[in-house]
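Asks: coordinates only, sequence not included:
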Ligand code: PEP
């Protein structure tokens, strides 16, 4: 973590867990445990059906509610999809884009790409798939203002946009498996991501972007992972469903 330049963010990803009533109960349980956070920001990304209950339950606390996916179009004939405006109106502050376990047809191939054994598989990933994930990310950054086309955007605007993004490095083999990257691996990759950001957006923007590690981060290994200079937080699956474990991770991020 490097608090001087960037936010520390611990985000839970509940995936397909908890009904609205269960979501309310879990957040009520978490609230007192998370009330003493200092600088660490806390987000719970919950299923679409839980958003309303979660926003209501989190009111008056420092917990922000996020969604687990979002479509890049403003509206249209996309069965089962959700737009940025729909989420925003419910009080959603963050959205996960391109998570490997998202079932949506537009994000699943990302997972296939990551599961591929080598670079050739990665290179052979169809471009429209990458485009759809990046379109979603772009729509999220614009928070509903929807650009006409890439070419219309100035470099300055691109830098402003990227500052709104939180990046999560998640080795696919570590998600939900109980296997965690070593602290060195996690820091090395987060640092390499920052190098790419520096090249594309400049040193100042790169220095300010939060890069999380995700992949079986838990109450036991969080302190060590979060102590790495380029690991600015965590995207937490399983451990975010247990109030005490999530609170311990947040506590580690506040050290
Ligand atoms: C995740 O949901 O992104 C994740 C990393 O899950 P887990 O912490 O369970 O590995």
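Replies: Nice, I can see it. Keep in mind it's a predicted model, so treat the numbers as computed, not measured.
Asks: for this protein, which helix is longest?
Replies: helix 183-201 (DSSP state H).
Asks: Downstream of that one, the next helix or strand is which one?
Replies: Per DSSP states H and E, helix 183-201 leads on to helix 203-208 as the next helix or strand towards the C-terminus.
Asks: can you pull the contacts of the residue positioned nearest the centre of the chain?
Replies: The centroid of the chain falls nearest to residue 96 when counting by C-alpha atoms, centre = their mean (4.6 Å). Contacts for residue 96 (C-beta atoms under 8 Å, 6 or more residues apart in numbering) come out as 11, 13, 45, 66-69, 102, 235. Every C-beta, even on glycine, is put in place using the N, C-alpha and C of the backbone.
Asks: among these, which are in reach of the ligand?
Replies: When contact is defined as C-beta under 6 Å from any ligand atom, these meet the ligand at 13, 235.
Asks: picking up where we left off before, can you pull the pLDDT of the residue nearest to the centre of the chain?
Replies: Note on residue 96: pLDDT of 95.
Asks: and the longest helix of the chain, what does it pack onto?
Replies: Applying 3 or more C-beta pairs under 8 Å, 6 or more residues apart in numbering; DSSP states H and E, one finds that helix 183-201 makes contact with helix 155-162, strand 167-169, helix 203-208, strand 211-214, helix 222-226.
Asks: Mean neighbour count, these: which tops it?
Replies: strand 211-214 (a mean of 26; mean count of other C-beta atoms under 10 Å).
Asks: Work out the sheet partners of it and label each with its direction, please.
Replies: strand 167-169 (parallel), strand 233-236 (parallel) (DSSP bridges).
Asks: any idea how far residue 38 is from the residue nearest to the centre of the chain?
Replies: 25 Å (C-beta to C-beta, to the nearest Å).
Asks: thinking again about what came up before, and the contacts of residue 96, which is closest to the ligand?
Replies: residue 13 (3.8 Å; C-beta to the nearest ligand atom).
Asks: I'd like the contacts of residue 96 written out as a markdown table, with pLDDT and secondary structure added.
Replies: Supplementary listing: the contacts of residue 96 in a markdown table, determined by pLDDT from 0 to 100; DSSP: H, G, I helix; E, B strand; the rest coil:
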| residue | pLDDT | secondary structure |
| --- | --- | --- |
| 11 | 98 | strand |
| 13 | 98 | strand |
| 45 | 98 | strand |
| 66 | 97 | strand |
| 67 | 97 | strand |
| 68 | 97 | coil |
| 69 | 95 | coil |
| 102 | 85 | coil |
| 235 | 98 | strand |
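Asks: Who wins on neighbours among the contacts of residue 96?
Replies: Among the contacts of residue 96, residue 45 has the most neighbours (other C-beta atoms under 10 Å), with 27 neighbours.
Asks: For it, list the residues it contacts.
Replies: Here residue 45 is in contact with 11-14, 65-68, 94-96 (criterion: C-beta under 8 Å, 6+ apart).
Asks: For these, give me CSV that also has distance to residue 169.
Replies: Below are those laid out as CSV (distance: C-beta to C-beta, whole Å):
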residue, distance to residue 169
11, 13
12, 17
13, 14
14, 20
65, 23
66, 18
67, 21
68, 18
94, 17
95, 18
96, 14
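Asks: Out of those residues, flag the one nearest to residue 1.
Replies: residue 11 (14.4 Å; C-beta to C-beta).
Asks: For that closest one, which non-adjacent residue is spatially closest?
Replies: residue 43 (4.0 Å; C-beta to C-beta, 6 or more residues apart in numbering).
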